[in-house]
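> 3D model of this:
(chains A and B)
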Amino acid sequence: MNRNQKIFSQFGICIICISVIGILINNLTINLIRTGLGFNFSWIFKPASFALAEHVLPYSSSDSYAWALFIGWLNSLKVIISSLLLATCLGTLIGFARTGKNSLLGLFSAGYITIIRQTPLLLQLMFWYFVGFLGLKNNMFFHIKNIFKISNQGIEFLGLTLSSEFSALLFGLSIFTSAYIAEVIRGGILSVSRGQWEAFRSLGLSERKGLLKIIIPQALPAIIPGLTSQYLNLAKNSTLAIAVGYSDIYAINDTIINQTGRAIECFLILLTSFLLLNLLISNSMETINKIIINSRKYN
Amino acid sequence: MLNFTLIKIFFKKLRKTLFSNSFNTIISLLLIVITYLFCLNTFKWLIYNANWEVITSNLPLYAFGSFPADERWRPAAWLISLLVLSLVTLFGPKWKWLHKNLLIAWASTIPLGLYLLYGGIGLSPIMSRHWGGLTLTILLTVCSSILSLPLGIILALCRQSSIPLIQKLSSIYIDVMRAIPLIAVLFFGQLLIPLFLPVGIEIDRVWRAIFAFTLFVSAYIAEDIRGGLQSIPNTQIEAANSLGLNQYQIIQLILIPQALRIALPALTNQSIGLFQNTSLMAILGLVELLGVGRSILANPEFIGEYIEVYVWLACVYWSVCTIMAVLARYLEKRMTINQANF
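The predicted structure is shown next:
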């Protein structure tokens, strides 16, 4: 295509896009006028008048919608970060178990990975909530006096109480993500050539030291990108919290839409908050990646 | 004599893999004990404690939702034809004409399914709100995968385009779609699409869901195909140019077939993921497989029988996923054989 053709086609595409968007916005305004809602954000400072079972910062039902949304965003962040940590630990363990020498352990982790990956996350979350926590009735499933307690009220650990919704979500998300992380870790370890294993063994390094000093540093560059995309998936999957009644950002948006009917505005808020979360995760992973690359350079 | 040495080798191997040092021995023994206890308790529960009536008395509900009882043979015929077709594809005789027509047979399952479900010529028409269960889950998966493949290819080509505006627009679309959670897109499909349509025009819920799934999955497919496109060496395009092919012929005959073959494993993974993700429609008001489970659990007759229902649903999802994965592996194998024939 020559220059003129390119400019001409871009012009044409511009016109098509603008007219399609124009038609859609026209339809939207007609529909919004018909339903008598209009489009504005002034409702966001009115009192929310719904209670939240879970809040990191102080919240009461007389606080504004904006504050409720912010609390929801913090709740999302809380569950994402804690399940991210748990999933990484669990996934690393399973990934190593899968590649290790013990074939029985390998078989077990392979079974775990297939079962978890071949069933929907929503089903798993419902299982953890309705069977795992609410199914416990009031008799404690696991109880060490004053230290650790699991019941249908949630988990209590050294005075730290986690509600049953949060714990179900934490368990479900971490277990689901750990299966994927295990595969990422396994891929990373397998990407280090066999010669490296043989080399450190022939140098007389112990298995543990060789793994820490030789294998893992070389596997990390292959692991980090896969891990980042799993973390982003985890953040997106955390919106399924609504199925277990945990008040995350999506659940609060849903409540507000039911209350006020402002679907378009809430959808825009949801989009922005997710773009923010994504930027947060991908930027911090980028930083970690840079630190790892730099540390390899100076060694 | 032979058996004795075999047993000896077996035990030697066992010792080497399971009991090579004290740490390994402890783990292996622990695992054996856990497996024993787990199996014992599971079998006990499966046989004595579980109340399977919640499954057996509702089997038609799980399969077809609230489809009218005397028309149930229609979705059943469709599901059975799909199953037979997958069995023929995998284990059927290796006749050449059969293999040539398999693709046509697979493609014709979609119009067949829609005809059987909607009714129309010769069959009594049935509204989509009566669709449900496994039938609806599979319909959502199949329709959305088929629709999102061409859209994904177009998006991937646009992202590689030399015209800056097209390239920018498609990358914005792909990046935004990949950044937001699926449930938000489905929510958009169910609640916001009616707002963007002119007054008087309505799309029914199932098609809105399929539309939303298509929008979402096509962004992921576009990225997979872009990976395939980027791995095609530039010399291919130069060769095609020197043969005198034009732009569209290059795309149609050189780029897309190769990109699709490279991206095939990723694409089949996407459709398996899509199958699992159709369960999200249970939150947004469609009565697909998980939705049926939820509505049965809300029935006072079966209240509290969560474990049975969830275990059953997990088994169904797991087996359909496994069938899909096996079919995908078959497809990948066939594609590589074709490559060797070149």
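> From here on, just use CA atoms for contacts and neighbour counts.
Fine.
> How many residues are close by residue 206?
Since you didn't name a chain, this refers to chain A. For residue A:206, the neighbour count with other C-alpha atoms under 10 Å in any protein chain shown is 12.
> ah, no, chain B please
Here the count is done by other C-alpha under 10 Å, and residue B:206 has 19 residues near it.
> And residue A:291, by the same measure?
Look at residue A:291: counted by other C-alpha under 10 Å, it has 12 neighbours.
> For chain B, see how far away it is.
25 Å (C-alpha to the nearest C-alpha, to the nearest Å).
> Which strands or helices does the helix or strand in which that residue is found pack on?
Secondary structure here is read from DSSP states H and E; on that basis residue A:291 sits in helix A:263-298. With contacts defined as 3 or more C-alpha pairs under 8 Å, 6 or more residues apart in numbering or on different chains; DSSP states H and E, helix A:263-298 has these neighbours: helix A:216-237, helix A:249-260, helix B:164-179.
> so can I have JSON lines of these showing mean pLDDT?
Supplementary listing: the helices and strands packed on helix A:263-298 in JSON lines, determined by pLDDT from 0 to 100:
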{"stretch": "helix A:216-237", "mean pLDDT": "90"}
{"stretch": "helix A:249-260", "mean pLDDT": "90"}
{"stretch": "helix B:164-179", "mean pLDDT": "90"}
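> Can I get these in a markdown table including distance to residue A:175?
Formatted as a markdown table, the entries for those read as follows, by distance: least, C-alpha to C-alpha, whole Å:
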| stretch | distance to residue A:175 |
| --- | --- |
| helix A:216-237 | 11 |
| helix A:249-260 | 21 |
| helix B:164-179 | 22 |
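> Now those in CSV, please, with extra columns for mean neighbour count.
Below are the helices and strands packed on helix A:263-298 laid out as CSV (neighbours: other C-alpha atoms under 10 Å in any protein chain shown):
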stretch, mean neighbour count
helix A:216-237, 19
helix A:249-260, 19
helix B:164-179, 17
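> Let me know which of those helices is the nearest to residue B:200.
Of all the helices and strands packed on helix A:263-298, helix A:249-260 sits nearest to residue B:200, with 23.3 Å by C-alpha to C-alpha.
> chain center to that closest one, what's the gap?
What separates the centre of helix A:249-260 from the centre of its chain is 20 Å, taken as C-alpha atoms, centre = their mean, to the nearest Å.
> what packs against that helix?
Helix A:249-260 is packed against helix A:65-99, helix A:263-298, with contacts defined by 3+ C-alpha pairs under 8 Å, 6+ apart.
> Highest mean neighbour count out of the ones you listed?
Of all these, helix A:65-99 carries the top mean neighbour count, a mean of 21, counting by mean count of other C-alpha atoms under 10 Å in any protein chain shown.
> Give me the mean pLDDT for it.
Here helix A:65-99 scores 92 as its mean pLDDT.
> now stretch B:242-255
Per-residue pLDDT over stretch B:242-255 has a mean of 89.
> To residue B:138, which of the helices and strands packed on helix A:263-298 lies closest?
Of these, nearest to residue B:138 by C-alpha to C-alpha is helix A:216-237, at 21.9 Å.
> quick one: that closest one to helix A:263-298, angle?
Here helix A:216-237 runs at 180 degrees with respect to helix A:263-298, directions being taken by axes from the mean of the first three to the mean of the last three C-alpha atoms, to 10 degrees.
> any low-confidence regions in the chain?
This is for chain A. In the predicted model, chain A carries pLDDT under 70 at residues A:1, A:137-146, A:296-299.
> Hmm, no, I was thinking of chain B.
B:1-2, B:337-342.
> any idea how far stretch B:288-307 is from the chain center?
The gap between the average C-alpha position of stretch B:288-307 and the chain average comes to 24 Å, counting by C-alpha atoms, centre = their mean.
> measure it end to end?
Terminal residues of stretch B:288-307 lie 19 Å apart, using C-alpha to C-alpha, to the nearest Å.
> is any part of that stretch close to chain A?
Yes: legend: contact between stretch B:288-307 and chain A by C-alpha under 8 Å from any C-alpha of the partner chain is shown at B:290, B:306-307.
> This completes my enquiry, with thanks.
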